[in-house]
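>>> Need coordinates for the following:
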Amino acid sequence: MRITTRGRYALRASLALARLGKDGSPVSINNLSEEEHISSVFLEQIFFKLRKAGIVSSVRGPGGGFYFAQPLDKLTIKAILDAAGEDLNAIPCDKHTETCERLGDCLSHEVWTDVTELVNNFFNNVTLASILDKHLEKTLDLEQNKEKL
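Predicted coordinates:
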């Protein structure tokens, strides 16, 4: 399993969209590009995939941009990574299992299967809303600690 730049940028851009479009208003690719320092051309490719997967919708014209098609507490990191085309499979031999002579005796296959399940379950249980909430908590804690000093 390897998460590519496209997957990492899809997550970063989705979180930026969640922050900038809190009220559900559309956010332009240019604003997201400036906020995250990601090429607007690359972001267009990513958002095409996110729109195709039903994660975001878009509005054309002045004041247009992208907004989430679902509530943030329903949008998981796994859904975003899947839409971006990331393979969250840690099993190095998954494409050859039917021809693998060692499949029945391969103890390491079980380890990689378990790792894949753990990673997928983790990403499937983390929502955009939970990440934003966690960030807000940390920010508030830092501000409170500064006030005490």
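
>>> what about the nearest residue to A83 once chain neighbours are set aside, neighbour count?
Leaving out its chain neighbours, the residue that sits closest to A83 by Cβ to Cβ, 6 or more residues apart in numbering is A53, at 3.5 Å. Placement of C-beta: from N, CA and C, glycine included. If you count neighbours by other Cβ atoms under 10 Å, A53 ends up with 15.

>>> Same question for L11.
Neighbours of L11 (other Cβ under 10 Å): 20.

>>> and the helix or strand harbouring it, what other elements does it pack with?
For L11, the enclosing helix or strand under DSSP states H and E is helix 5-20. Contact here means 3 or more Cβ pairs under 8 Å, 6 or more residues apart in numbering; DSSP states H and E; on that basis helix 5-20 packs against helix 29-36, helix 40-52, strand 65-68, helix 77-83, helix 128-148.

>>> The same query, at a cut-off of 10 Å, please.
Helix 5-20 is packed against helix 29-36, helix 40-52, strand 56-59, strand 65-68, helix 77-83, helix 128-148, with contacts defined by 3 or more Cβ pairs under 10 Å, 6 or more residues apart in numbering; DSSP states H and E.

>>> For it, list every residue counted as buried.
6-7, 9-18, 20 (16 or more other Cβ atoms under 10 Å).

>>> would you turn these into CSV with distance to G65?
As requested, those are exported to CSV (distance: Cβ to Cβ, whole Å):
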residue, distance to G65
R6, 20
G7, 22
Y9, 17
A10, 16
L11, 18
R12, 16
A13, 12
S14, 13
L15, 16
A16, 12
L17, 9
A18, 13
L20, 9
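
>>> JSON lines please, covering the residues you listed and showing pLDDT and distance to A90.
Compiled in JSON lines, the buried residues of helix 5-20 are given as follows (pLDDT from 0 to 100; distance: Cβ to Cβ, whole Å):
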{"residue": "R6", "pLDDT": "95", "distance to A90": "19"}
{"residue": "G7", "pLDDT": "95", "distance to A90": "15"}
{"residue": "Y9", "pLDDT": "97", "distance to A90": "22"}
{"residue": "A10", "pLDDT": "97", "distance to A90": "19"}
{"residue": "L11", "pLDDT": "97", "distance to A90": "18"}
{"residue": "R12", "pLDDT": "96", "distance to A90": "23"}
{"residue": "A13", "pLDDT": "96", "distance to A90": "25"}
{"residue": "S14", "pLDDT": "96", "distance to A90": "23"}
{"residue": "L15", "pLDDT": "96", "distance to A90": "24"}
{"residue": "A16", "pLDDT": "96", "distance to A90": "28"}
{"residue": "L17", "pLDDT": "96", "distance to A90": "28"}
{"residue": "A18", "pLDDT": "95", "distance to A90": "28"}
{"residue": "L20", "pLDDT": "93", "distance to A90": "33"}
